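J.: pasting the sequence and the predicted coordinates here, then a few questions.
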Amino acid sequence: MIRKALFTAALLLTPPHAVLAHDSGNQPQVAPNSTILNISASGKSSQKPDLAQFSAGVATTGKTAREALSANSAAMNRAIRALRASGIAERDIQTSNLSIEPVYANRNRQLNELEQQVPPIIGYRANN
C-alpha cells in the first residue's frame, strides 16, 4: 500500500508542462514542454517498520509569479489528494519550504551593456 502511494505521489508531482533543465553551466533553466522526474531511494530492514517517511517536491514555472504559484498549488493539491486516497492520514501529511524565484535569461548569449549588469527575467519558478 505504501509503495503504491509513493509511486502515485511521484507521478502526480511531475507537472505536465515545463519544469527544469540544466545547461552546460549546471544552472537550472526553463525548458519549454519538458519534464524531469528524479527518484532515488534506498533502504534495508530486518524488522517490520512502524513508520515510513517520504519527502517530495513540486517545481513549476510560469511567465508570471502568479502563474508559477498557481501551477505549483494545483500540482501539490493533486499529490496530497492521491496520498489521502491511498490511506495516509491527514495529520501525517505536511508541506514546507514554499519559495518563488525569478528565472533569468541565459547569461551565455551575447548581452548588451545594461543586460550584463542585470539579466532580464524570463519567468518565475515556484518550489514546494
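T.: Okay, I see it. Residues are numbered from 1 along each chain as shown.

J.: mind listing the helices for the protein?
T.: 2-12, 65-85, 113-117 (DSSP state H).

J.: ranking these by mean pLDDT, which is last?
T.: Among the helices of the chain, helix 2-12 has the lowest mean pLDDT, at a mean of 56.

J.: any idea how far residue 73 lies from residue 39?
T.: 22 Å (C-beta to C-beta, to the nearest Å). Glycine gets a C-beta too; all of them are placed from N, C-alpha and C.

J.: the two: who's more crowded?
T.: Neighbour totals were compared for residue 73 and residue 39, and residue 73 leads with 15 against 11 (other C-beta atoms under 10 Å).

J.: from residue 65, how far out is the more buried one?
T.: Distance from residue 73 to residue 65, by C-beta to C-beta: 12 Å.

J.: which helix or strand in this structure has the lowest average pLDDT?
T.: The helix or strand of the chain with the lowest confidence, counting by mean pLDDT, DSSP states H and E, is strand 21-22 at a mean of 41.

J.: please identify the buried residues of stretch 41-58?
T.: Applying a neighbour-count criterion of 16 or more other C-beta atoms under 10 Å, one finds residue 58 buried in stretch 41-58.

J.: cool, stretch 66-73 as well?
T.: Per 16+ other C-beta under 10 Å, stretch 66-73 contains these buried residues: 68-69, 71-72.

J.: so of these, which two are at opposite extremes in space?
T.: 69 and 71 (7.4 Å; C-beta to C-beta).

J.: nearest to residue 121 among the buried residues of stretch 66-73?
T.: Among these, residue 68 lies closest to residue 121 (C-beta to C-beta), at 11.7 Å.

J.: can you tell me the closest non-neighbouring residue to the closest one?
T.: residue 62 (3.6 Å; C-beta to C-beta, 6 or more residues apart in numbering).

J.: what pairs with that neighbour across the strands?
T.: residue 124 (DSSP bridges).

J.: and it, what does it touch?
T.: Shown in contact with residue 62 (C-beta atoms under 8 Å, 6 or more residues apart in numbering): 68-71, 123-124, 126.

J.: could you save these as JSON lines and add columns showing distance to residue 106?
T.: Shown next, in JSON lines, are the contacts of residue 62 (distance: C-beta to C-beta, whole Å):
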{"residue": "68", "distance to residue 106": "19"}
{"residue": "69", "distance to residue 106": "24"}
{"residue": "70", "distance to residue 106": "25"}
{"residue": "71", "distance to residue 106": "22"}
{"residue": "123", "distance to residue 106": "12"}
{"residue": "124", "distance to residue 106": "16"}
{"residue": "126", "distance to residue 106": "20"}
